[in-house]
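Asks: Build me a model from this:
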Amino acid sequence: MWACSKDLPDAGGTEAKALANEWWVRIDGTGDPVKLSTYNTSLNADSMWVDDLESLSVFKCKAKIDVSTLTFSTPNSINAYSTNTVSITNGKILKNAGVSKTGNVVDSIYMEVELSDVPGVKNKIAGVARTRWDVDDY
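Replies: Model (predicted):
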């Protein structure tokens with residue numbers, strides 16, 4: 001019986017846990033920061049969802065991940081929010097390379113996103129990890 005035991009089995013984590021987070025990002029370094037999420041897929045093999053929560057270019061797609069290098073990319077992934085496709089290149093998480101709104105050292109994220117309905121236009125999306133402290137939220 002597990003109810004009384006202190007030795008619970010380790011539930012583990014997902015393959016994407018090193019890349020999963022909420023982020024405050026901007027497109028091409030302009031505008032107010034908006035929230036973007038990266039999180040595991042149900043398959044949990046070698047991919048994660050990249051989801052702009054319908055606040056940037058309106059995209060949600062699966063990207064292949066490389067946990068050892070903290071990188072991600074996808075060519076022509078189905079957009080869960082639209083009929084277009086999404087290509088992500090140069091996606092990466094940089095450990096402790098960002099600074100939150102109040103000066104806390106956090107991870108940062110960078111990627112270049114191209115939507116099929118605007119071919120040839122690569123938006124540079126970059127930002128910092130959300131700390132989940134109210135004073136750091138935008």
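Asks: center of this protein, which residue is that?
Replies: By Cα atoms, centre = their mean, the chain has its centre lying nearest to Thr38, at 2.9 Å.
Asks: That residue and Ile109 touch, don't they?
Replies: Yes. Between Thr38 and Ile109 there is a contact at 7.4 Å, judged by Cβ atoms under 8 Å. For glycine as for every other residue, the C-beta is placed from the backbone atoms N, C-alpha and C.
Asks: Can you pull the residues that touch both of those two?
Replies: 21, 23 (Cβ atoms under 8 Å, 6 or more residues apart in numbering).
Asks: residues contacting the closest residue to Val58 other than its chain neighbours?
Replies: Closest residue to Val58 apart from its sequence neighbours, by Cβ to Cβ, 6 or more residues apart in numbering: Tyr81 at 5.1 Å. By Cβ under 8 Å, 6+ apart, the residues touching Tyr81 are 54, 58-60.
Asks: Which among those count as buried?
Replies: Buried by 16 or more other Cβ atoms under 10 Å: 59-60, out of the contacts of Tyr81.
Asks: Looking at the contacts of Tyr81, which is nearest Ile125?
Replies: The nearest member of those to Ile125, counting by Cβ to Cβ, is Phe59 at 9.9 Å.
Asks: Spatially nearest residue to Ser82 (excluding sequence neighbours)?
Replies: Using Cβ to Cβ, 6+ apart, the nearest residue to Ser82 is Val58, at 6.0 Å.
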